[in-house]
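> What follows is a predicted structure for the sequence shown.
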Amino acid sequence: MNYKKWSTTNKNFPQILVRLSLGIMSKTDLTFNKYQDENKLLLKTYQDLAKKIHQGGGVKSAAKQHKKGKLLARERIEYLKDDDADFLEMGTFVGYEMYAEHGGCPAGGVVGGITRVSGRLCLVVANDATVKAGAWFPITAKKNLRFQEIALENHIPIIYLVDSAGVYLPLQDEIFPDKEHFGRIFRNNAILSSKGIPQIAAVMGSCVAGGAYLPIMSDEALIVDKTGSIFLAGSYLVKAAIGETIDNETLGGSVSQTDLSGVIDDRFPDDQSCLDRIRFLVDKIGNQNKAGFNRKEPVLPKHKSTDIFGILPSERSKPYKSIDLIKRLVDNSEFEQYKATYGKTILCGYARIDGWAVGIVANNREIIKNKKGEMQFGGVIYSDSADKAARFIMNCNQKKIPLVFLQDVTGFMVGSRSEHGGIIKDGAKMVNAMSNSTVPKFTIVMGNSYGAGNYAMCGKAYDPRLIVGWPSAKIAVMGGEQAAKVLLQIEKASLSKQGEEISSKKENELLQNIIDRYNTQTTPEYAASRLWVDEIINPLDTRKWISTGIEMANHAPIEKYNVGVIQT
């Protein structure tokens, strides 16, 4: 192994050399340290990027909001949530490197996530007025719809802190008329209300046009005096449409919309007092029936969770023992395998995470031998492993055990042997069982997430209650090099039909260009910017995300248990 480059950047390298020479440290230890350093460096890269995104529209824009006496979006959430509560922010990287020609849209112009308010798990969604006055870009709508989807699936209250200029007009054709566009928000308001899921809205800034329906379709609508306003059309549009001259405060300010129209329930002198009222309202919400998932007293893993950084290879093609990662995630490092000697490229088993009983389906990244003595590649789904996973998923449904999918998968096995052995049928069984699963599903993209493997292991299209990625995540239809080779073969065949040949130099250039483009599209930030994953998380926070997700899901009783017909 070549450690030359790594040794020049690792300050502990001299001590490591001494330990190696004394026989205290092996090459395995050295590899562990190398992975550990590189994974921690990768994590810091995303943490630094998140801090930059948290600045929203920038210091000047933030100062303008403060001058008006307003708190910023994250300051409002910090004030609203319980002092000792975590805020699991979702969609931090939404919109990253998108809309550059429009000045960008950090975090999609809206901040949201899961936290506790008056002791109750809630979703809090706050428009960021420092980003284009809180205007809605296409990705903003997608992010808001995701929050409503989570509230709907899990029956937890959703709190809207509204401060938005409405639809971003230059992109109105991408946000206004379609099924998953702006109008879907109000449809979801109505559905949430019909299911008895509490919605509380505070108008803390501008609330214009169609956006005015969101707070009014909520159960409670509050407004901040002087800074909050709500109307279907602002003063300029009113002047243009009907010739009436009127200022915005008289048209739709706090006094007009509480004392005159009765549209808003109550007004408050500042952000803080308005947020205090929300805490008061949430404190009075009654309890609902629970799903009844099994939980005992939480126990930390026996093995150090920080070992994750040294176990997970920084090179995505390298094999490793996935069970070693599992033992760093589950309570007391106890993992009871299901069919341990069968279908070994997928690990299935029972465990607890922060006290909650879970069924884990994980891609095994070891290179192993099957019963016939044949080598099987780690991270590839074979017929026997798909069959095993399908049966395990059904068992978890029968026992009302939430499912956790740990993805590091390159896809299903291909080739004549697999095709003749019925890989499509076995893969379909797994996809069927997973798709029809009625217990909540949670997906962690630890490494590769390619092709149909992404689907079978509960990718975004299969409704996981939460799906998050580690900084090491890679999501695409296939790996960059494989895709490049396929596309190159197609290109060469096309040119050959035209009587042309590609030189070796041109072939290498074309191959590298395709690899570079593909690799850019497989990064975690590319996936997170488009909400293919809800968030890029620190691997050490995985237990917290899964535990919070199950607690959230426990608010929604399961209405059916049939997982559908499984072909044999």
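Right, received. Where do you want to start? Numbers count the residues shown, from 1 in each chain.

> which stretches of this structure have low pLDDT?
1-27, 374, 420, 479-480, 561-568 (pLDDT under 70).

> Count the residues that sit near the residue nearest to Ser164 when sequence neighbours are not counted.
With CB to CB, 6 or more residues apart in numbering as the measure, Gly134 is the residue that lies nearest to Ser164, at 3.6 Å, once sequence neighbours are left out. Quick note: C-beta positions are derived from backbone N, CA and C, even for glycine. Residue neighbour count, defined by other CB atoms under 10 Å, stands at 28 for Gly134.

> can you check Ile467 too?
Neighbours around Ile467, by other CB under 10 Å: 25.

> out of everything not next to it in sequence, what's closest to it?
That would be Thr443: by CB to CB, 6+ apart, it lies 4.2 Å from Ile467.

> now swap in Lys485 and tell me
Per CB to CB, 6+ apart, closest to Lys485 is Leu511, 7.3 Å.

> Dump the C-alpha coordinates for the helix or strand containing the one you found into CSV.
In this assignment (DSSP states H and E), Leu511 forms part of helix 504-521. Listed next in CSV are the C-alpha coordinates belonging to helix 504-521 (Å, rounded to 0.1, in the frame of the first residue of the first chain):
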residue,chain,number,x,y,z
SER,A,504,-6.4,5.5,-27.8
LYS,A,505,-5.7,9.1,-26.7
LYS,A,506,-9.2,10.2,-27.7
GLU,A,507,-10.6,7.2,-26.0
ASN,A,508,-8.9,8.0,-22.7
GLU,A,509,-10.0,11.6,-22.8
LEU,A,510,-13.6,10.6,-23.5
LEU,A,511,-13.5,8.1,-20.7
GLN,A,512,-12.0,10.5,-18.2
ASN,A,513,-14.6,13.2,-19.1
ILE,A,514,-17.5,10.8,-18.5
ILE,A,515,-16.0,9.6,-15.2
ASP,A,516,-15.5,13.2,-14.0
ARG,A,517,-19.1,14.2,-14.9
TYR,A,518,-20.5,11.1,-13.3
ASN,A,519,-18.4,11.4,-10.1
THR,A,520,-19.7,14.9,-9.7
GLN,A,521,-23.3,13.6,-9.8
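
> Which secondary structure elements does it sit against?
Under the contact criterion of 3 or more CB pairs under 8 Å, 6 or more residues apart in numbering; DSSP states H and E, helix 504-521 touches helix 480-497.

> now the helix it packs on against helix 504-521, angle please.
140 degrees (axes from the mean of the first three to the mean of the last three CA atoms, to 10 degrees).

> list the buried ones in helix 480-497?
Of all the residues in helix 480-497, those buried under the rule 16 or more other CB atoms under 10 Å are 480, 482-484, 487-488.

> residues touching Asn144, list them.
Neighbouring residues of Asn144 by CB atoms under 8 Å, 6 or more residues apart in numbering: 110, 112, 125, 136, 185.

> repeat for Ala473
445-447, 449, 524, 527, 533, 536.

> do Leu540 as well
Neighbours of Leu540 in contact, by CB under 8 Å, 6+ apart: 305-306, 308.

> Of these, grab the buried ones for ChimeraX.
The buried residues among the contacts of Leu540 can be selected in ChimeraX (16+ other CB under 10 Å) with this line:
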select :305,308
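
> neighbouring contacts of the helix or strand just after the helix holding Leu511?
Next helix or strand after helix 504-521 toward the C-terminus (DSSP H and E): helix 524-529. Residues outside helix 524-529 that contact it (CB under 8 Å, 6+ apart) are 46, 49, 91-98, 139, 445, 469-475, 520, 533, 535-536.

> Quick check: next helix or strand after the one helix or strand Gln407 maps to?
Per DSSP H and E, Gln407 falls inside strand 403-409. For strand 403-409, the succeeding helix or strand toward the C-terminus, using DSSP H and E, is strand 411-412.

> What is that next one packed up against?
Right, strand 411-412 is packed against strand 380-381, helix 451-456 by 3+ CB pairs under 8 Å, 6+ apart.

> Run the chain-centre distance for the last one.
To tie it back to what came earlier, the one meant is helix 451-456. With CA atoms, centre = their mean, to the nearest Å as the basis, helix 451-456 stands 17 Å off its chain's centre.

> what do you get for the shortest one?
Counting by CA atoms, centre = their mean, strand 380-381 is centred 24 Å from the centre of its parent chain.

> Okay, now the sheet partners of that strand, with direction.
Strand 380-381 sits in its sheet next to strand 411-412 (parallel), going by DSSP bridges.

> how distant is the strand it pairs with from the center of its chain?
Using CA atoms, centre = their mean, the offset of strand 411-412 from its chain centre is 22 Å.

> Can you list the buried residues in the very next helix or strand once past that strand?
Toward the C-terminal end, the helix or strand that comes next after strand 411-412 (DSSP H and E) is helix 416-420. Neighbour counts using 16+ other CB under 10 Å place Ser418 of helix 416-420 among the buried residues.

> How about Pro157: what's its closest non-neighbour residue?
According to CB to CB, 6+ apart, the nearest residue to Pro157 is Pro198 (4.1 Å).

> residues touching the one you found, list them.
157-158, 219, 282, 285.

> and if we set it to 10 Å?
By CB atoms under 10 Å, 6 or more residues apart in numbering, the contact set of Pro198 is 120, 122, 151, 155-159, 192, 218-220, 281-282, 284-286, 288.

> ditto for Val238
Applying CB under 10 Å, 6+ apart, the residues near Val238 are 231-232, 244-246, 248, 251-252.

> Of those residues - the most surrounded one?
Going by other CB under 10 Å, Gly252 tops the contacts of Val238 with 28 neighbours.
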